[in-house]
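Colleague: Could you look at this predicted model? Sequence included:
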Amino acid sequence: MPINIPKQLPAGELLKKEKIFVMDEERATSQDIRPMNIAILNLMPEKERTELQLLRLLGNTPLQVNVTFLNTATHDSKNVSKTHLDAYYMKFEQVKHRRFDGLIITGAPIEHLEFEDVNYWKELTGIMEWSKDNVTSVLHICWGAQAALYHHYGIGKFELPKKCSGVFTHRLSDPTINLSRGFNDEFRAPHSRYTSVSIEAIENDPRLLLLAKSEDAGAFIVLSKDNKHIMVTGHFEYDADTLAEEYERDLKKGIDVEIPKNYFPGDDPNKEPMNTWRSHTHLLFSNWLNYYVYQETPYVWE
């Protein structure tokens, strides 16, 4: 089944070329089914790229999904046009009266800041508090996962000696959990961050389950035992070339950064990397939408 997006959203044509089932709003209104309403709080600087990555994954399930993009009112995005934001994004104030079946909170390249020093932290915590009563399940990605662990469970982040960048092997702790149905016992996934969270703190919190971790990249998938929050500290949604582009960007900025690990063939940046995590990415998103959103959300919100 398709994702339902605004008719002129630029990502729409790219998704159609990839054979992703996309339905515009006009056609969606003619179907007599209950679609899932998913909000995406997009905190990433390159918003259009993140839109495409997430819509590609939300469009690969048997469910019809209505997507609402949100951006912050307390921070002005510099890498996307105001025209794009005005056309396709809403502020939280415009939707806080609504209830959503699912919410995705993306990462943001601001790990160097303390949470309270982020200029939209108060707004973000307000959204996270609102989600407790108005969203069935929340998927938090990278910095968004660290923010959720800190706000909801009091687990802070710590700075790494060097950037964690590359594609790492992870081990699954429990293949019977619905979120990991179909996963291999070991699987690969990309990371790109300067901070991490304590595995010990997560494992010692009775409210949390550490579903997957890596010897090299640390905690990866954390699930709250009430199924309300899913926190993914890496970037399952990344394209094959995303880490390469980040690496080139950092070099141009004069940042002393290592080649992403286990990524370029033969560790040669001149060779084209391959996506070795795509299947597990689709599994995670389809499992989330099915077991944690569709199967749990009320047909009619009271």
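Modeller: Nice, I can see it.
Colleague: Check the contact between Asn262 and Val167; I expect there is one.
Modeller: Yes. Contact status for Asn262 versus Val167: in contact at 4.8 Å, counting by C-beta atoms under 8 Å. In short, each C-beta sits where N, CA and C put it, glycine included.
Colleague: Beyond the lowest-mean-pLDDT helix or strand in the chain, next helix or strand please.
Modeller: Across the helices and strands of the chain, the lowest-confidence element by mean pLDDT, DSSP states H and E is helix 25-28, at a mean of 52. Using DSSP states H and E, the helix or strand that follows helix 25-28 in sequence is strand 36-41.
Colleague: Residues contacting that following strand, please?
Modeller: Strand 36-41 is contacted by residues 51, 54, 58, 63-72, 95, 98-106, 124, 127, 135, 144, 289, 293-294, 297 when judged by C-beta atoms under 8 Å, 6 or more residues apart in numbering.
Colleague: cool, and stretch 86-104?
Modeller: For stretch 86-104, contacts defined as C-beta under 8 Å, 6+ apart pick out 6, 8-9, 36-42, 51, 54, 68-73, 123, 126-127, 130-131, 134-141, 288-289, 292-294, 297, 301.
Colleague: Need the buried ones from those residues selected in ChimeraX.
Modeller: Selecting only the buried entries of the contacts of stretch 86-104 in ChimeraX, with 16 or more other C-beta atoms under 10 Å as the criterion:
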select :9,36,37,38,39,40,41,42,51,54,68,69,70,71,72,123,127,130,131,134,135,136,137,138,139,140,141,288,289,292,293,294,297
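Colleague: before we move on, the earlier item: overlap of the contact sets of Asn262 and Val167?
Modeller: Arg188.
Colleague: okay, these two: which has more neighbours?
Modeller: Neighbour totals were compared for Asn262 and Val167, and Val167 leads with 23 against 15 (other C-beta atoms under 10 Å).
Colleague: So which of the contacts of stretch 86-104 belong to strands?
Modeller: 36-41, 68-70, 135-141 (DSSP state E).
Colleague: and Asn79, which of the three is it?
Modeller: Here Asn79 takes the coil state, with states given by DSSP: H, G, I helix; E, B strand; the rest coil.
Colleague: Ramachandran coordinates for it?
Modeller: Dihedral pair for Asn79: phi -110, psi 10, per degrees, to the nearest 10.
Colleague: Give the rounded mean pLDDT of the strand ranked longest in the chain.
Modeller: Secondary structure of the chain per DSSP E: the longest strand is strand 157-172. The average pLDDT for strand 157-172 rounds to 96.
Colleague: following that strand, which helix or strand comes up?
Modeller: Counting by DSSP H and E, what follows strand 157-172 is strand 186-197.
Colleague: Could I get the CA-only coordinates of that following strand as PDB?
Modeller: Below are the C-alpha coordinates for strand 186-197, written out as PDB (Å, rounded to 0.1, in the frame of the first residue of the first chain):
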ATOM      1  CA  GLU A 186      24.100 -10.500  13.300                       C
ATOM      2  CA  PHE A 187      23.500  -7.600  10.900                       C
ATOM      3  CA  ARG A 188      25.200  -4.400   9.700                       C
ATOM      4  CA  ALA A 189      24.200  -0.800  10.000                       C
ATOM      5  CA  PRO A 190      25.700   2.600   9.600                       C
ATOM      6  CA  HIS A 191      26.600   5.100  12.300                       C
ATOM      7  CA  SER A 192      27.700   8.700  12.200                       C
ATOM      8  CA  ARG A 193      28.100  10.500  15.500                       C
ATOM      9  CA  TYR A 194      30.500  12.000  18.000                       C
ATOM     10  CA  THR A 195      28.700  10.800  21.200                       C
ATOM     11  CA  SER A 196      27.300   7.500  22.600                       C
ATOM     12  CA  VAL A 197      25.200   6.200  25.500                       C
END
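Colleague: Show me what counts as buried in that strand.
Modeller: 187-197.
Colleague: Alright, calling it a day.
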